[in-house]
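With the input below, show me the fold.
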Amino acid sequence: MDILSNFGETLSELISDNNLTPEVFAKAVNIDLSVIYRYQRKKCLPSLTNTVVIADYFQCSADFLFGLSTSNVKTVSNGEVNFAKIFKGLLDRKGLTRYAFCQHAPFAEQSVDDWYHGKRLPNIQNLILIAKYFDCTVDFLLGRES
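Coordinates of the predicted model:
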């Protein structure tokens, strides 16, 4: 699955379907126009923060934006992304320590520790891998669904 292509195509379609120009959209979501163009040209993926901003603007799921779901379910965030709290809860539910999680998943211990303590957020590729590991949606990890 090519999430970079999926995201670029989906974003372009959403902008077009909503009768927007990239310029108007960039201004509406407060993301630099050059970044919007890079997304559309499939040159980069958004940060988690920009993912939530874009998904909220179009009221769609992050999973839909990345082609992980064909269903464009109306979804909006509940506020600030609290990935660390959600991540800790998932580890607890599975009865996993951070070390055990690293043994089963392809992540460096330092990255997992940083996520666990809220020092930084995973990138989109890692977030998708975490969602697959815990059999949940990207939106759940972003606090956009219960």
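
buried set for the longest helix seen in the chain?
When the chain is parsed with DSSP state H, its longest helix is helix 3-17. Within helix 3-17, the residues scored as buried using 16 or more other Cβ atoms under 10 Å are I3, L4, N6, F7, G8, T10, L11, S12, L14, I15. All C-beta spots, glycine's among them, are computed from the backbone N, C-alpha and C.

counting contacts, what elements does that helix pack onto?
Judged by 3 or more Cβ pairs under 8 Å, 6 or more residues apart in numbering; DSSP states H and E, helix 3-17 is in contact with helix 33-40, helix 62-65, helix 124-134.

Show the average pLDDT along that helix.
Here helix 3-17 scores 96 as its mean pLDDT.

Can you give me the buried ones in the helix or strand that it is followed by?
Scanning forward in sequence from helix 3-17 by DSSP states H and E, the next helix or strand is helix 22-29. For helix 22-29, burial by neighbour count (16+ other Cβ under 10 Å) applies to P22, F25, A26.

How about stretch 76-86?
Going by neighbour count (16+ other Cβ under 10 Å), the buried part of stretch 76-86 is S77, V81, F83, A84, I86.

quick one: which of those is nearest to V35?
Set against V35, the nearest of the buried residues of stretch 76-86 by Cβ to Cβ is V81 (18.6 Å).

Go ahead and confirm that closest one touches L142.
Yes: counting by Cβ atoms under 8 Å, V81 does reach L142; the two are 5.4 Å apart.

In terms of helices and strands, where is V81?
Using DSSP H and E, V81 falls outside every helix and strand.

can you list the helices and strands packed on helix 3-17 in JSON lines and add distance to P46?
Output for the helices and strands packed on helix 3-17, formatted as JSON lines (distance: least, Cβ to Cβ, whole Å):
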{"stretch": "helix 33-40", "distance to P46": "6"}
{"stretch": "helix 62-65", "distance to P46": "8"}
{"stretch": "helix 124-134", "distance to P46": "7"}
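
looking at those helices, which is buried most?
Scoring the helices and strands packed on helix 3-17 by mean neighbour count under mean count of other Cβ atoms under 10 Å gives helix 62-65 as the most buried, with a mean of 25.
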